[in-house]
Every structure is written in structure tokens, then in C-alpha cells.
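Student: Please work out how this folds:
(chains A and B)
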Amino acid sequence: MRRTVFPHKLLPWLLLAPQLAITLIFFYWPAGQAFRQSLLREDAFGLKSTFVGLANFRKVLGDPNYLNSVRVTVVFSVLVALCAMAVALFLAVQAEKIVRGKGFYRTLMIWPYAVAPAIAGMLWLFMFNPSFGTLAWPLRQLGIRWNPLLDGEQAMALVVAAATWKQISYNFLFFVAGLQAIPRSLLEAAAIDGASRRHAFWTIAFPLLAPTTFFLLVVNTVYALFDTFGIIHAVTGGGPGKATETLVYKVYNDGFVNLIMGDSAAQSVILMLIVIALTAFQFRFIERRVHYG
Amino acid sequence: MAEPSPLAVRGAGRLVAHFWMILGVIVVAFPVYYVFVASTHSVQTILRPPLPLLPGPEAARNYSDAFSGGISRIGGVSLWRLLANTTLVALGIAIGKIAISMASAYAIVFFRFPLRMACFWLIFITLMLPVEVRIQPTYKVMVDLGLIDTYPGLILPLIASATATLLFRQFFMTIPDELLEAARVDGAGPWRFFKDILWPLSLTNVAAIFVIQFIYGWTQYLWPLLVTNSNEMNTIVIALKKMISFADADTPWNLVMVTSVLAILPPILVVVLMQRWFVKGLVETEK
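Tutor: Model (predicted):
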């Protein structure tokens, strides 16, 4: 607790005013509206709305399309988080094994962080475009009937690849930092005891990376849930069929394209609950991270 | 990276590690390189796979055509305008975020006033309300305030950030009490203390947050998609998506590729050139 402070009474409010104003207008008011709308149903002409309690939630949760989109989101998020973290950890370990050239590799490795998700999606679609994509061509030669615009599983594979590619940079930087924070003495002691490198990695380094891994697990899940909207929108538009329609994409689609307000609002509220749970989870692990740190 | 890591290996092991790193770097950097290559070939070459792996002879023509009206023909807005819009939005978001979150962190850390912690929590909770979960009602607020197709509409809703406020608060709390006492003994008010002491100490943090938020602003997608209708107000990412979604057999792919390169290059340059602050800021302070 700080002992010395400035005595002004009005000044702090002036300093806080811009942030509070923006927060209230663009965060709290719309979030409140989402809650309110989720409990209302508009008539066919959008003129009158009536209070329907939790009916919108019941409708959404009983809708096979919504359940499909839950399934799509789970598959997509798990694949993206696992692939992006596994590849990044592997590369981070390789980077720690070498002495010269680390900076060079890192510089090239961080590029995708700066690429917009939607553009990442377009790049991958360009490379794997069924009509003239250079990398689609060898797949065709191998006898694979490659057409992500028609085949749901291939579409999923393509968006997972693009989303994973973009997230590797971020995970790589954190795993490198995590590996560097491991006390030298522990690994040196293991070496003196004659432990093999593989053994030392899995029994010492990997467990000590747990805080980083958990942190990244949450960040990657949030990323896969929310930040990948651009990839889905630019590459598949949720299709083919509804094979890549994630929860966020569905909120957008129902609210803006299909204009079903009550449903869209109920879905927004469900998403809010997911974010709150993830944030709470994340802060628990932040506390732990400090201990290891 | 001064001393070798305890995980460092010798001999063949190191060569194997280099092999994997090179493979990783190729996979990671290839898509970006490949778009650059595509932007230097003619449409006919792009449409006839496989595309050569080396830059072609059409670079000068593609780029000058794109800048001198080629993009206006297909997208209804000039490439210059798109770059200016995106730069303005990215800078507006980065600078705006730094300004308002520094101001509020300063108020919360260096002053005592009623409801101080309530204000802190009010800001903190916005972490849990990303745009994606309140798309429709936020859009309605924008319509009511007449902010559709305006720069404030593109920038303002994105500059309130709990993360940046938390970071500055955390950093300000590490400033020793003695420093503030000494400044006050010397008769420094809040402005003097901020300008002469706090700001110079915060520069590294400011640089790190600037890079992270510039990238965040440059790569925005959902929000510009919602609040811009007119082509003139598009950011380059949205314009690119529009060009491709109108794609038919006669999409000028060479010009689309030039636009992609220009949409990707500025943020990559920012990250690479400010790498030192960016990596430190990201790893040490984020979340």
C-alpha cells in the first residue's frame, strides 16, 4: 500500500473520465442490452417485444444447429490449441539446444503474430485453393479428392491449419521464456547424476513448464474461441453446410445475417459466461505462476 | 541470449536441432514469402499451378498498377486510402489505449478518492466482455451515436482496454514511495511528477504496449466489418476480403497479392524492428 499520494480530489476523476466513459458506453451498456434482449422475444415485425424468461436459452440449447456449433467449436479449439502448443514447444526446445543463430530463427518465427487472422486464412486458402493452389496440386496428384469448399472435414483441416500457423509464434516466445526460466542448477544436477537428456527433459523441464503450459492453454482456448472469427469468415463462411460454424460465427450470423435477436442475445450471454469462467481459471493459474517464477 | 542454455547440446545433436529450426522457420515464414512471390507474377502464371518458387518479372508492373488505380477498379477505393485508413486506425488504437489507460492507472495508483477500487474493478471486469460477445447491442450503440463509417467509430470502442490499464497499474505500483516523496518535497505537482519522472521510467513499457496494440489495431476484423459500409472507410484487411469474395474467374489475382503483401508488411516490420521491446513486453507483462 502506497503511503504518499497526491492530495487532489477532482483530478483523479478527470484522469479516469475517458476510460470510464468508453467502458460504460461501449462495454457495460451493450452487455446489459444483451442480457435484457436474451430475456425478450420480438414479434415478427420487430415492433413489440415480450418478456419470455429463459425461453430463448431453452430454445438455443435445444437447437440442433447450436449443438452442432458447440461440437464444431470444441473440435476446432482442441485441435488448434494442441497443435499450436505442441509444435511451438518442440521448436522452443530445439531453439534452446543451439547456441548461435537463435536470434535469426526467432525473427523469422514471429512473423505470423503480425498477420491478421483473416489474412492468415486467405493465405492458406490461396495455397490450398482447389482450382489453382500450388499446394492443392500435389494433394490431387496423390489421389486425394481435395476440395475444402465442398468437403466439411477438409474445410475444418484448412481453418485449423491457418489458425494454428498464426498462433505458433506467440506460443514459441512463451515456451522459450519458460525454458530459460528453469534454474540451470536443476538441469546440471540431472546431467551429473547421469540422467539422459530425454529423461531430464520429461522429468524436470516439462513439469517446471507447467505454469507456462496452463497459461498458454487458456490463452490458446480464448484465441481459438474468439480471435479466429476472421479466419472462419474469410475462408469458409461457416460452411460447407455448417461444418465450420463456431459459436462466435453463429452469434454473428444469427444477429446480423438472419436477424434473430433473442437467440443471438442468448448466445452472447452464454459466450460471456464461458469467457468469465476462462478468465477466472486463468487468474488462478497466474497466482501459481508467481510462485514458480 | 548471452550464455548458452543448459539445454544446449554439441555435435550432431546441434545439427539436428538446426535442421528442425530451419524446417520450422520454412513452414512458418513460407506462406508470407509465397504471397510475395505471387505478387511478382502475372495473373496467368498465378492461375497455372504450381507457382514458381522465385520472384517473377512482373513486380514493377503489378505494384505500380496497384498503386495507380488498379485497386480502385476492383475494390472501389484506392490502395493509398486503404493504407492511410489502416494506419490511422492502428495508430489511433495504440496511442489512444496508451493515453487513456496510463491516465486511469495514474489516478488509481497515485491518488486516494472515494470509489477508487470500485473504478478499478469496473475497468477490470471489461476483460470478460470482448467485442465478440456483445456484437449486436454494441452495433446498435454505434448506429444511435451516428458513428457508422467514421474514424471515431472504428477507433473509440477498441481503445478501452483493461489489459493496458492493469499493466500500467502494476508497473506504477513498483515505483518506490521515496521517489514520490522526494518529488513532492521539491514542490512537484502531479503533472511535473508524471512528465519528469514517471514517463521516462515507463518508456520501455510504453514501447512494448505500443507494438502489441498497433498489431491489434492493424489486424482488427470483426469490428471494422460491422461499422464500415462504405468502401472509402474500409481497412485494408476488410477490403482484401471483399476483393476475394467477389472472386470469379477474372479476379486480378496479381493485384490481390500486392494488396496482401501491403496488408502484411507494415505490422511485420513493426514487430521485427521493435522485437526487443515487443518480446519483453509480451512475455513479461501480458495478461
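Student: only C-alpha atoms for contact and neighbour calcs from this point on.
Tutor: Fine.
Student: okay, residue A:77: pLDDT?
Tutor: pLDDT recorded at residue A:77 is 92.
Student: got it, and residue B:5?
Tutor: At residue B:5, the pLDDT value in this model is 68.
Student: What of residue A:2?
Tutor: With respect to pLDDT, residue A:2 scores 68.
Student: for the residue of chain B found nearest chain A, helix, strand, or coil?
Tutor: Chain A sits closest to residue B:8 of chain B, with a gap of 3.8 Å, by C-alpha to the nearest C-alpha. Under DSSP: H, G, I helix; E, B strand; the rest coil, residue B:8 falls in the coil class.
Student: ok, it touching residue A:102?
Tutor: No: with contact defined as C-alpha atoms under 8 Å, residue B:8 does not count as touching residue A:102 (11.5 Å).
Student: and residue B:280, how many neighbours does it have?
Tutor: Burial of residue B:280 is recorded as 16 neighbouring residues (other C-alpha atoms under 10 Å in any protein chain shown).
Student: Identify the residues contacting the residue lying closest to it once chain neighbours are set aside.
Tutor: Excluding its sequence neighbours, the residue lying closest to residue B:280 (C-alpha to C-alpha, 6 or more residues apart in numbering or on different chains) is residue B:208, at 7.2 Å. By C-alpha atoms under 8 Å, 6 or more residues apart in numbering or on different chains, the residues touching residue B:208 are B:277, B:278, B:279, B:280, B:281, B:282.
Student: And these, which is closest to residue B:75?
Tutor: residue B:278 (33.7 Å; C-alpha to C-alpha).
Student: any idea how far the closest one is from residue B:201?
Tutor: Residue B:278 sits 17 Å away from residue B:201, going by C-alpha to C-alpha, to the nearest Å.
Student: Same list, the contacts of residue B:208, but as JSON lines with secondary structure and pLDDT please.
Tutor: Formatted as JSON lines, the contacts of residue B:208 follow (DSSP: H, G, I helix; E, B strand; the rest coil; pLDDT from 0 to 100):
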{"residue": "B:277", "secondary structure": "helix", "pLDDT": "83"}
{"residue": "B:278", "secondary structure": "helix", "pLDDT": "83"}
{"residue": "B:279", "secondary structure": "helix", "pLDDT": "83"}
{"residue": "B:280", "secondary structure": "helix", "pLDDT": "79"}
{"residue": "B:281", "secondary structure": "helix", "pLDDT": "76"}
{"residue": "B:282", "secondary structure": "helix", "pLDDT": "77"}
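Student: mind putting those in a markdown table, distance to residue A:85 included?
Tutor: What follows is these, written out as a markdown table (distance: C-alpha to C-alpha, whole Å):
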| residue | distance to residue A:85 |
| --- | --- |
| B:277 | 23 |
| B:278 | 20 |
| B:279 | 18 |
| B:280 | 20 |
| B:281 | 20 |
| B:282 | 17 |
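Student: Looking at those residues, which one is closest to residue B:271?
Tutor: Closest to residue B:271 out of the contacts of residue B:208 is residue B:278 (6.8 Å), distances taken as C-alpha to C-alpha.
Student: List the residues that contact the spatially most central residue of chain B.
Tutor: Nearest residue to the geometric centre of chain B (C-alpha atoms, centre = their mean): residue B:215, 1.2 Å. Residue B:215 is in contact with A:114, B:90, B:267, counting by C-alpha under 8 Å, 6+ apart.
Student: how many neighbours does the closest residue to chain B within chain A have?
Tutor: Chain B sits closest to residue A:97 of chain A, with a gap of 3.8 Å, by C-alpha to the nearest C-alpha. For residue A:97, the neighbour count with other C-alpha under 10 Å is 23.
Student: per-residue confidence at it?
Tutor: Residue A:97 is given a pLDDT of 83.
Student: isn't it right up against residue B:15?
Tutor: No: judged on C-alpha under 8 Å, residue A:97 makes no contact with residue B:15 at a distance of 9.5 Å.
Student: Show me which positions of stretch B:194-205 end up buried.
Tutor: By 16 or more other C-alpha atoms under 10 Å in any protein chain shown, the buried positions in stretch B:194-205 come out as B:194, B:198, B:204, B:205.
Student: now swap in stretch B:104-122 and tell me
Tutor: Applying 16+ other C-alpha under 10 Å to stretch B:104-122 flags B:104, B:105, B:106, B:107, B:108, B:109, B:110, B:111, B:112, B:116, B:119, B:120 as buried.
Student: tell me which element the first one is part of?
Tutor: Under DSSP states H and E, the secondary-structure element containing residue B:104 is helix B:79-110.
Student: Around chain A, which positions in the stretch 51-200 of chain B sit nearby?
Tutor: Contacts of the stretch 51-200 of chain B with chain A, taken as C-alpha under 8 Å from any C-alpha of the partner chain, map to B:51, B:100-101, B:103-104, B:106-113, B:119, B:123, B:126-129, B:132-138, B:141, B:156-157, B:160, B:173, B:177, B:180-181, B:189-190.
Student: hmm, which of those residues are the buried ones?
Tutor: Using 16+ other C-alpha under 10 Å, the buried members of those are B:51, B:100-101, B:103-104, B:106-112, B:119, B:123, B:126-129, B:132-138, B:141, B:156-157, B:160, B:173, B:180-181, B:190.
Student: for chain A, what spans make up the strands?
Tutor: Using DSSP state E, the strands of chain A run over residues A:40-42, A:49-51.
Student: So which of those strands is nearest residue B:62?
Tutor: Within the strands of chain A, the stretch nearest residue B:62 is strand A:40-42; the backing value is 51.4 Å (C-alpha to C-alpha).
Student: average model confidence for the closest one?
Tutor: Across strand A:40-42, the average pLDDT comes to 78.
Student: In its sheet, which strands sit next to that strand, and in what direction?
Tutor: strand A:49-51 (antiparallel) (DSSP bridges).
Student: how about low-confidence regions in chain A?
Tutor: Across chain A, the ranges flagged by pLDDT under 70 are A:1-3, A:43-47, A:285-293.
Student: any idea which residue sits dead centre in it?
Tutor: The residue lying closest to the centre of chain A (C-alpha atoms, centre = their mean) is residue A:223, at 1.2 Å.
Student: What residues does it make contact with?
Tutor: Counted by C-alpha under 8 Å, 6+ apart, residue A:223 has zero contacts.
Student: for stretch B:103-119, how far is the first residue from the last?
Tutor: 13 Å.
Student: Which residues does that stretch contact?
Tutor: A:2, A:4-9, A:11-13, A:15-17, A:19-20, B:120, B:165-166, B:168-169, B:172-173.
Student: How far off centre is that stretch?
Tutor: Put simply, stretch B:103-119 sits 28 Å off its chain's centre (C-alpha atoms, centre = their mean, to the nearest Å).
Student: Show me the helices in the stretch 151-293 of chain A, by range?
Tutor: Remark: helices assigned in the stretch 151-293 of chain A by DSSP state H, counting those that start in this stretch are A:152-180, A:184-192, A:197-200, A:206-208, A:210-222, A:229-235, A:247-252, A:261-292.
Student: closest one to residue B:68 among the ones you listed?
Tutor: Ranking the helices of the stretch 151-293 of chain A by distance to residue B:68, with C-alpha to C-alpha as the measure, places helix A:229-235 first at 26.5 Å.
Student: tell me what that closest one is packed against?
Tutor: helix A:117-127, helix A:152-180, helix A:247-252 (3 or more C-alpha pairs under 8 Å, 6 or more residues apart in numbering or on different chains; DSSP states H and E).
Student: nearest to residue A:89, of the ones you listed?
Tutor: Set against residue A:89 and scored by C-alpha to C-alpha, those come closest in helix A:152-180, at 6.0 Å.
Student: measure residue A:161 to residue A:77 for me?
Tutor: Computed as C-alpha to C-alpha, the residue A:161 to residue A:77 distance reads 12 Å.
Student: Same question for residue B:158.
Tutor: Note on residue B:158: its distance to residue A:77, by C-alpha to C-alpha, is 25 Å.
Student: just residue B:220 next, same as before
Tutor: Remark: distance between residue B:220 and residue A:77 (C-alpha to C-alpha) = 20 Å.
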